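Engineer: this is the structure alone, sequence omitted:
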């Protein structure tokens, strides 16, 4: 795993839910939605998705913004070109390199790679 991928994993990707969310935003760059709608799309528990999205936003890995005086909290992919490019590489490794995918999952689980 290259340094940028290791750094972004360390920066805030510590669960499969967070990884899945970043892969979703990478595959759907125009996606802007609520935690509830994203959870439904991924068939995941809304509380888990909401917690993961908040953590990813705090780590500057996704954007979080409010509409309607805070009544609606929406999420979208991060604006930073470097971060988006690193997430794109993470997606390519995860989807296109079996050994790389194993390494990513081991890192998520805290196992030696």
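Structural biologist: Received, thanks. Everything quoted here is computed from the prediction, not taken from an experiment.
Engineer: please make it C-alpha for all contacts and neighbour counts, starting now.
Structural biologist: OK.
Engineer: run the chain-centre distance for stretch 12-26.
Structural biologist: For stretch 12-26, the gap between its own C-alpha mean and the chain's C-alpha mean amounts to 3 Å (CA atoms, centre = their mean, to the nearest Å).
Engineer: let me know the average pLDDT across it.
Structural biologist: Per-residue pLDDT values across stretch 12-26 average out to 96.
Engineer: give the buried residues for it.
Structural biologist: Residues of stretch 12-26 classed as buried under the neighbour-count rule (16 or more other CA atoms under 10 Å) are 12-14, 17-19, 21-26.
Engineer: and residue 32, what pLDDT?
Structural biologist: Taking residue 32 on its own, its pLDDT is 97.
Engineer: quick check on the closest residue to it other than its chain neighbours: phi, psi?
Structural biologist: Ranked by CA to CA, 6 or more residues apart in numbering and with sequence neighbours excluded, the top spatial neighbour of residue 32 is residue 76, at 4.7 Å. Residue 76 adopts backbone torsions of phi -150, psi 170, taken as degrees, to the nearest 10.
Engineer: can the buried residues of stretch 12-26 go into TSV with extra columns for secondary structure and distance to residue 54?
Structural biologist: Formatted as TSV, the entries for the buried residues of stretch 12-26 read as follows, by DSSP: H, G, I helix; E, B strand; the rest coil; distance: CA to CA, whole Å:
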residue	secondary structure	distance to residue 54
12	helix	11
13	coil	12
14	coil	13
17	helix	12
18	helix	10
19	helix	14
21	helix	11
22	helix	13
23	helix	16
24	helix	16
25	helix	15
26	helix	17
